[in-house]
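Asks: The following block contains a protein sequence and its predicted model.
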Amino acid sequence: MNKLTARIALLVFVIVFAFSVTASASSTVIGVQKGGLYYNTISAGDGQAYILPNASTTGTSITITSSVANTIKGHFEWQLPNGGAPIQLGSFIANTTVYNTGSAYYSPGTLILVLERVPGSTTPYPTVSYSVKYN
């Protein structure tokens, strides 16, 4: 029963977090799995959260392939299975069209990747297509 309660609490936290990514952003949350490839398009004010439960403790690599470099930014969080505040793992700007990130996270938990648009990139590129691959 404790595990079920913890999972429900984590799900509620993640949903609340995803919708608070930015004040004006419309956000979605996608549960993903290792080895998966996910396609999306992101516009000004949009945000996207990807949740990878049971990410590998030996390293999880993530490849973001976008149609235009320097238009997508992101940050990682690590949620431990016992709950508590997520650990902030840092942020990045995908400065190439094929951007590799993420490796060697903490022991068992849930990896959360949040992607948004880079401010100032939305005028020349209103929408940007991208894919996220988890290895």
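Replies: Sure, I can see it. Residues are numbered from 1 along each chain as shown.
Asks: count of residues packed around Thr101?
Replies: Neighbour count for Thr101, taken as other CB atoms under 10 Å: 16. Just so you know, the C-beta spots here come from the backbone N, C-alpha and C atoms, and that holds for glycine as well.
Asks: what's the closest non-adjacent residue to it?
Replies: Here the nearest residue to Thr101 in space, its sequence neighbours aside, is Ile62; by CB to CB, 6 or more residues apart in numbering that works out to 5.3 Å.
Asks: In the sheet, which residues pair with that neighbour? Tell me.
Replies: Applying DSSP bridges to Ile62 yields these beta-bridge partners: Thr101, Tyr134.
Asks: Surely it touches Lys133?
Replies: Yes - counting by CB atoms under 8 Å, Ile62 touches Lys133, with 7.0 Å between them.
Asks: Which of those two has more residues huddled nearby?
Replies: Summary of the neighbour comparison: Ile62 and Lys133, criterion other CB under 10 Å, with Ile62 having more neighbours (21 against 16).
Asks: per-residue confidence for that one?
Replies: In this model, Ile62 is scored at 87, pLDDT.
Asks: Could you do Ser43 as well?
Replies: 92.
Asks: could we number from 285 for the rest of this?
Replies: Got it, the first residue is 285 from now on, which makes the last one we talked about Ser327.
Asks: Please enumerate the helices of the chain.
Replies: All helices of the chain, identified by DSSP state H, fall at 286-303.
Asks: Spell out which residues sit in contact with the nearest residue to Ala339 once chain neighbours are set aside, please.
Replies: Nearest in space to Ala339, with sequence neighbours left out and distances taken as CB to CB, 6+ apart, is Leu395 at 4.0 Å. For Leu395, the residues meeting the contact criterion (CB atoms under 8 Å, 6 or more residues apart in numbering) are Ile335, Leu336, Ala339, Thr344, Phe360, Glu361, Trp362, Gln363, Gly386, Tyr389.
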